[in-house]
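[1] After the sequence you'll find the predicted model.
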Amino acid sequence: MKHPSSSVGSRTILATSIMLIPMLLMATAGAFFFVKIVEDVAEAEVEVRDELMPVIELQTLLLKVVMPPNDYLIHGNPEERINFLRLAKDVNKALAELDVMDFGEEQERAALSRVRNLWTHAHDLGNEIFEISYPPEDLRAAGHRMERFDKVVDDAIVELDQLHRYVIDELGEHVERVERTKIDASVTTLVTFAIAILIAVIGGLMLARTILNPLRTLDEGVSQLREGHLDHRVTLPSNDELGKLGQTLNAMATRIEKLATRDELTGLYVRREFNRFFREEISRTERSGRPFSLLMVDVDHFKDINDRYGHRAGDRVLRTLALILNRDMRAVDRVARIGGEEFAIIMPDTQADAAMQTAERIRSMAVAKKVHTPEGHMMSTTISMGVATFPQHGDSMEALVEAADQALYRAKAAGRNCVRRAAAAHLTVNASVGKTG
């Protein structure tokens with residue numbers, strides 16, 4: 001538990017009065033490195049809060065903006081123009097927010113300029129698509145125009161990916177700079193301390209306890225963050241400047257960890273987060289006695305789609321399915337991409353019958369949704385699904401995943417484009433998430 005403490009400055013003055021000149025030098029060096037560390041950590045936090053998150057939000061909006069023109073050419077619903085205009089307004093707002101940001105690197109500003117130009121072009125193409133009467137008299141020309149629109153939006157997303165990488169690289173540079181500063185601070189402080197301890201052992205021990213140890217804790221925290229251990233947090237016993245710096249470092253690590261929990265292509269949770277949700281849901285069910293259901297989803301003939309239309313078309317299929325899943329599921333449901341073309345859904349407080357109804361609805365929506373390939377083709381995709389309920393079909397994570405996988409296999413064997421429920425309770429066995437067929 002943290003407790004109030006005197007400031008680093010007051011303790012340094014007290015030690016200086018004991019150790020005189022050597023400790024004055026130590027305090028000066030410590031203050032210099034402390035300020036530098038605070039500045040570097042603050043810069044890294046700004047990179048995450050003010051640059052990285054708006055870029056990711058703009059990418060998400062661009063993924064959504066391609067849907068209304070596609071749906072209009074397929075169904076001719078005039079309301080899709082309203083949806084497009086609303087999304088376009090949100091994209092313009094997000095771009096305006098990025099425009100006022102002070103990106104420090106020329107390459108970042110150049111990438112943002114390219115995104116702005118590509119969006120202007122895409123916006124014009126989108127408006128042109130809605131000028132086409134439905135049904136289109138020239139399907140080939142309409143498809144070609146939709147292909148141009150999709151390609152321009154995809155190019156803008158690619159530019160945002162590059163901008164995302166630039167910001168991440170800058171964040172890494174900030175972390176490395178903090179690491180180097182910490183090393184310099186430790187060396188300088190230890191040398192000065194070696195001189196000061198000859199004069200006043202008590203003052204040296206006091207500073208080692210109140211300043212050096214927290215600095216080493218912060219140093220370890222920065223090192224762990226740089227090495228990718230995003231769940232590491234520093235613990236300092238005081239609420240002084242160093243304690244607040246530790247809180248800032250922990251907050252930055254939390255923000256970065258949040259960014260690492262989502263799949264870059266679909267925006268869904270990654271497999272690691274899915275496993276964590278799964279364990280939490282089992283614990284909750286064991287406490288409450290209320291069951292939950294697991295849906296395993298696999299895109300049919302996905303390899304054939306990639307082979308025939310290319311990986312960009314495959315990516316569009318995955319993004320489209322992800323949008324369907326996000327839009328149709330409840331707020332409490334957890335949707336994750338656990339493999340190449342595999343998805344999993346955890347549905348709390350859901351019996352098997354209700355889960356089957358939801359699965360059938362999702363399957364129908366996936367069949368009805370048309371995906372526009374880069375070559376201008378309109379293709380339909382189907383999915384197969386397996387449904388299992390805890391603890392009816394499995395009393396552990398491994399057993400329930402195995403039950404849902406087996407149900408998915410039976411859906412594949414039945415000709416695909418269907419849903420199957422787990423047949424009977426499974427014993428706990430070793431299984432792995434992500435078996436496909």
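    Happy to help now that I have it.

[2] Show me the protein divided up by domain.
    1-260, 271-421 (automatic domain parsing).

[3] shouldn't Glu176 be in contact with Arg226?
    Yes: using Cβ atoms under 8 Å, Glu176 is in contact with Arg226, at 6.7 Å. Where C-beta positions appear, they are placed from N, C-alpha and C, glycine not excepted.

[4] re the thing from before, got a markdown table for the domains of the chain, with mean neighbour count and mean pLDDT too?
    Below are those laid out as a markdown table (neighbours: other Cβ atoms under 10 Å; pLDDT from 0 to 100):
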| stretch | mean neighbour count | mean pLDDT |
| --- | --- | --- |
| domain 1-260 | 17 | 75 |
| domain 271-421 | 19 | 93 |
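
[5] what about the strands in this structure?
    292-299, 334-337, 342-347, 370-372, 378-380, 383-390, 419-421 (DSSP state E).

[6] Those: which one's closest to Gln107?
    strand 334-337 (30.1 Å; Cβ to Cβ).

[7] And the closest one, what does it pack against?
    In terms of contacts (3 or more Cβ pairs under 8 Å, 6 or more residues apart in numbering; DSSP states H and E), strand 334-337 is packed against helix 271-288, helix 311-328, strand 342-347.

[8] what about Val167, distance to Glu128?
    Val167 is 33 Å from Glu128, where distance means Cβ to Cβ, to the nearest Å.

[9] now do Thr120
    Where Glu128 is concerned, Thr120 sits at a distance of 13 Å (Cβ to Cβ).

[10] May I ask you to name the longest helix in this protein?
    In the chain, assigned by DSSP state H, the helix with the most residues is helix 139-196.

[11] about what we covered before: possible to save the strands of the chain as JSON lines with distance to Ala141?
    Output for the strands of the chain, formatted as JSON lines (distance: least, Cβ to Cβ, whole Å):
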{"stretch": "strand 292-299", "distance to Ala141": "30"}
{"stretch": "strand 334-337", "distance to Ala141": "35"}
{"stretch": "strand 342-347", "distance to Ala141": "35"}
{"stretch": "strand 370-372", "distance to Ala141": "14"}
{"stretch": "strand 378-380", "distance to Ala141": "14"}
{"stretch": "strand 383-390", "distance to Ala141": "31"}
{"stretch": "strand 419-421", "distance to Ala141": "38"}
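
[12] So for Arg272, which of the ones you listed sits nearest?
    Shortest distance between Arg272 and these, using Cβ to Cβ, is found for strand 334-337: 9.2 Å.

[13] Need the contact partners of that closest one.
    Defining contact as Cβ atoms under 8 Å, 6 or more residues apart in numbering, one finds that strand 334-337 is touched by 263, 265-266, 268-271, 273-274, 277, 281, 318, 322, 325-326, 329, 343-346.

[14] Mind doing that once more with 7 Å?
    The set of residues external to strand 334-337 that reach it, using Cβ atoms under 7 Å, 6 or more residues apart in numbering, is 263, 266, 268-271, 273-274, 277, 325-326, 329, 343-346.
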